[in-house]
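Visitor: I would like the atomic coordinates for the input below:
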Amino acid sequence: MKLVLPMAGYGTRLRPHTWSKPKPLVSVAGKPVLAHFLDSLDSLADFEEAVFIVGYLGEQVEQYVGEHYPRLKARYVVQPELSGQSHALWLARDGLRGPALIGFVDSWIESDFSGLDAEGIIWVKEVEDPRRFGLVELGQDGWVRRLIEKPQDPQSNLAVVGFYYFPQIEKLLEAIERQMAGGGMLKGEFYLADAINLLLEGGLRVEARPVEIWQDFGTPEAVLAANRYLLDHGHANLQDVSVEAGSRLGPPVYLDPSAVIRQSVIGPYASIGPGCVIEGSEIRDSIVEADTHIIGSTLTASLIGRAARVTGVVGSLNIGDSSEIRGDG
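Guide: Okay, the predicted model is just below:
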């Protein structure tokens, strides 16, 4: 089976962090979003190839995967123009045959990926406000009838969470070719939902498979919410770390063993990356990425990029890599 991962977007909702790194490499609960995604799959060895469709700063993805997943047979396709999800898959079409799992890395789910025996599978989650999402509508027979993007008068509450399975991905590629030939664009993009609707109209029987847990990584608020969830569910490491006298850890936290904590309170729900130095500070409900130095600050609900320096700040921050902030705290 092939694993296809479109990830060429700019991640504009996560700026300033995505100015200097692609969204899949933003850290949550001790490791990048991409690592959480790959580690959630039952066994990467089951995939004969992983196709990464990258764009801006895509070389960082290639470097990270090469260093941390050296056994994964990876292929990289560049999407230079962001013309949509279908366009991304079309660029990667060479060599795509047979069964394939398609996943968008700004989502993370807990699901059983066994029993892939339908003509197609779309993973879904019931949501309270369906107008914010792409939705699956079911027919009376229980199979997917159509996909619809952010309807104002929704007839379903089943949100598409960004995972798809096709036993013959070439059928999807044929539908994408028809979609693109017909010029079916929305706001300058070819959406995957429109290609799948072509398959549904042709009689393909697609299952909507529900998930209980779905975490989004698309916005700062969503990243912090995902950090809280992951720390609550097995990604904290309080028992494996220590801090200098005069400091305290309030679980759950993730603290890289190389971080230095002096006269500070860390947590709850704080993730501190490698090489960080925290002095005379309190940090809770926040993510601090690698090699950042924080002095005399009290931070909550904050995202701090790599190699930043924060001094005398009280409140919430959202700053990118190599930033420096001084306050009067």
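Visitor: Which residues does stretch 296-315 contact?
Guide: 16-17, 20-21, 220, 223-224, 273, 279-295, 316-329 (CB atoms under 8 Å, 6 or more residues apart in numbering). Glycine gets a C-beta too; all of them are placed from N, C-alpha and C.
Visitor: Would you mark the buried spots in it?
Guide: 296-300, 302-311, 313 (16 or more other CB atoms under 10 Å).
Visitor: what about it, start to end distance?
Guide: Chord length of stretch 296-315, first to last residue, is 12 Å (CA to CA, to the nearest Å).
Visitor: Near Met63, how many other residues are there?
Guide: Heads up, residue 63 is Gln, not Met. 11 (other CB atoms under 10 Å).
Visitor: actually Lys187, sorry about that
Guide: Neighbours of Lys187 (other CB under 10 Å): 6.
Visitor: same deal with the one 3 residues further on?
Guide: Under the neighbour criterion other CB under 10 Å, Phe190 is assigned a count of 23.
Visitor: Let me see the contact set for it.
Guide: Neighbours of Phe190 in contact, by CB under 8 Å, 6+ apart: Ser83, Gly84, Gln85, Ser86, His87, Ile176, Gln179, Met180, Gly184.
Visitor: again with Ala236
Guide: Ala29, Pro251, Pro252, Val253, Tyr254.
Visitor: I'd like the distance between the closest residue in space to the fourth one that isn't next to it in sequence and Leu317.
Guide: Closest residue to Val253 apart from its sequence neighbours, by CB to CB, 6 or more residues apart in numbering: Gly267 at 3.9 Å. Between Gly267 and Leu317 the computed distance is 17 Å (CB to CB, to the nearest Å).
Visitor: Which of the buried residues of stretch 296-315 lies at the shortest distance from Asn197?
Guide: Each of the buried residues of stretch 296-315 was scored against Asn197 by CB to CB, and Leu303 proved nearest at 36.7 Å.
Visitor: For the closest one, give the beta-bridge partners.
Guide: Judged by DSSP bridges, the bridge partners of Leu303 are Ile287, Asn318.
Visitor: pLDDT value on it, please?
Guide: Looking at Leu303, its pLDDT reads 98.
Visitor: Same check on the one 3 residues further on?
Guide: In this model, Arg306 is scored at 97, pLDDT.
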